[in-house]
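A.B. asks: Just to be clear, the model below is a prediction. Sequence and coordinates:
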Amino acid sequence: MATCAAGSGNAGRTPWHSLPPAEERLRMNERFRALVYGTVFAVVVGWVLYIGQDILVPIVFSVLVMYVIIGSARFLARLPVIGPALPVYVHYGLSTLAILVALLLLGWLTMDSVDALVAQAPHYQAQLVGLVQRGGLLFGVQSDPSWESIRQYVLAQVNLQTLATTSLRWVVAILASLSVVGLYVVFLMIERGNVDAKLARLSPDPAQNARIRQVMTDINGRIGAYLALKTLLSVLLGLATWVILALFGVELAVFWALVVGLLNYVPYIGSVLGVALPVAFALLQFGDLKPVLALTAALGVVQFLNGNLLDPYLMGNSLNLSPFVILVSLTVWSALWGIPGAFLAVPITACIVMILAEFSGSRPIAVLLSQKGEV
């Protein structure tokens, strides 16, 4: 009976290989059209993202900062004594003020560190020449006259003072972007109270509005939790890095700790750069491999503990992204938006996957991009 029922249930369906030639060609044409339209749409979107990066990057950063503010406000609301005593708008006001002050301190610290780097550039350049000379002697390169010409070539190619001055101009541009981000954040927080009313008017269908609101709530919850935990881990990593650099006597320890903390937002590559950059600077400062090797080991242990113990324990895979997809998204968004794209790759890709999962036509794509196929 069950077999007969199954057979009768499938009787009305015609397998694609049994379709008449005309219907089969029609279905293939539809799939081909969908492929062409999807490819053209992806190319156009990529082109718009690339040429509009100066406008879009500050907006996306502002939205992510807003998520951090909302998470901080909810944390304040859960505090035993202060939370219930303060109204909700005070929670958001204090959180917004704290983030803006943090951005200002970030800008001031970066400017101060770059100024110090410019002032010490001749010393670091002399150390670089000494390192190159010792490296040449180690590999049996004669010091005169050919080695002198090599040293002169290195000096001509690597001028640290010019590099530091260029970095200063780059930092000024970053500070200008931070000011724009801060302004956007203030207005986003002001407009936040009207979001529910706007969502309610998106569609005359209450069920559709409820679905949109549910998607927004899901995105807000998961992205907010990811950013909050990632920020906590970045602060802890920065503090540990600062302690190690200070113990080794590395100059600009606070600045490098800040850089390492920020690089923690960049998957995979951030951990490597978080060790390589302070170590390279320490090599220029000390001019000796022994303390630098010890520093490399210490920073490597901290990065290992963060990446293999703390991060998996606190976060797991809260965004449900495949590691390969994370790596590809890092490459794509870095190609589109440069360094900012590396920081934004994971949150943006997670948002895209969550949106794709809500539509039957794009849900298979979300399944492929997820870690275990559960969306």
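C.D. replies: Structure received.
A.B. asks: The helix or strand residue 197 falls within - contacts with which helices or strands?
C.D. replies: Using DSSP states H and E, residue 197 sits within helix 195-200. Applying 3 or more Cβ pairs under 8 Å, 6 or more residues apart in numbering; DSSP states H and E, we find helix 195-200 packed against helix 206-248. Quick note: C-beta positions are derived from backbone N, CA and C, even for glycine.
A.B. asks: how much space between residue 262 and residue 223?
C.D. replies: For residue 262, the distance to residue 223 equals 18 Å [Cβ to Cβ, to the nearest Å].
A.B. asks: got any ranges where the chain has weak pLDDT?
C.D. replies: Low-confidence segments of the chain (pLDDT under 70): 1-21, 129, 132-172, 316-317.
A.B. asks: now the helices for the stretch 251-375 of the chain?
C.D. replies: Secondary structure of the stretch 251-375 of the chain (DSSP state H, counting those that start in this stretch): helices at 253-263, 269-286, 289-305, 311-315, 323-356, 363-369.
A.B. asks: any idea of the angle the first one forms with helix 269-286?
C.D. replies: Computed by axes from the mean of the first three to the mean of the last three Cα atoms, to 10 degrees, the angle separating helix 253-263 from helix 269-286 equals 160 degrees.
A.B. asks: List the buried residues for helix 253-263?
C.D. replies: 253, 255-263 (16 or more other Cβ atoms under 10 Å).
A.B. asks: can you list those in TSV and add distance to residue 60?
C.D. replies: TSV is the format used below for those (distance: Cβ to Cβ, whole Å):
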residue	distance to residue 60
253	31
255	25
256	26
257	26
258	21
259	21
260	23
261	20
262	16
263	19
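A.B. asks: and which of the residues you listed is nearest residue 111?
C.D. replies: Distance to residue 111 across the buried residues of helix 253-263 (Cβ to Cβ) is lowest for residue 255, with 10.3 Å.
A.B. asks: gap between the closest residue in space to that closest one that isn't next to it in sequence and residue 87?
C.D. replies: Distance criterion Cβ to Cβ, 6 or more residues apart in numbering; nearest residue to residue 255, sequence neighbours excluded, is residue 113 at 3.6 Å. Distance, residue 113 to residue 87, by Cβ to Cβ: 39 Å.
A.B. asks: The two - which one has more neighbours?
C.D. replies: Between residue 113 and residue 87, residue 113 has the larger neighbour count (other Cβ atoms under 10 Å), namely 19 against 9.
A.B. asks: before we move on, what SS does that one have?
C.D. replies: helix (DSSP: H, G, I helix; E, B strand; the rest coil).
A.B. asks: quick one: contacts for it?
C.D. replies: Listed by Cβ atoms under 8 Å, 6 or more residues apart in numbering, the contact set of residue 113 reads 252, 254-255.
A.B. asks: I'd guessed residue 275 sits against residue 303; true?
C.D. replies: Yes - counting by Cβ atoms under 8 Å, residue 303 is a contact partner of residue 275 at 5.8 Å.
A.B. asks: which outside residues touch stretch 217-229?
C.D. replies: Contacts for stretch 217-229 (Cβ under 8 Å, 6+ apart): 64, 67-68, 70-72, 75, 314-315, 318-319, 346-347, 350-351, 354-355.
A.B. asks: again, 6 Å this time
C.D. replies: Outside of stretch 217-229, the residues within contact range by Cβ atoms under 6 Å, 6 or more residues apart in numbering are 67-68, 70-71, 314-315, 318-319, 347, 351, 354.
A.B. asks: Report the buried members of those.
C.D. replies: By 16+ other Cβ under 10 Å, the contacts of stretch 217-229 give 67-68, 70-71, 319, 347, 351, 354 as buried.
A.B. asks: Quick check: the two most widely separated of these?
C.D. replies: 68 and 354 (18.6 Å).
A.B. asks: give me the number of residues near residue 176?
C.D. replies: Residue 176, neighbours per other Cβ under 10 Å, totals 12.
A.B. asks: How much space separates it from residue 97?
C.D. replies: 21 Å.
A.B. asks: Mind listing what's buried along stretch 326-341?
C.D. replies: Quick answer for stretch 326-341 (16+ other Cβ under 10 Å): 326, 329-330, 332-334, 336-337, 340-341.
A.B. asks: Pipe the residues you listed into CSV and attach distance to residue 286 per row.
C.D. replies: Converted to CSV, these look like this (distance: Cβ to Cβ, whole Å):
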residue, distance to residue 286
326, 36
329, 38
330, 32
332, 39
333, 36
334, 32
336, 39
337, 36
340, 33
341, 34
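A.B. asks: out of these, who's nearest residue 206?
C.D. replies: residue 329 (35.0 Å).
A.B. asks: Which residues are in contact with the closest one?
C.D. replies: Contacts of residue 329 (Cβ under 6 Å, 6+ apart): 345, 349.
A.B. asks: do residue 373 as well
C.D. replies: So residue 373 contacts residue 367 (Cβ under 6 Å, 6+ apart).
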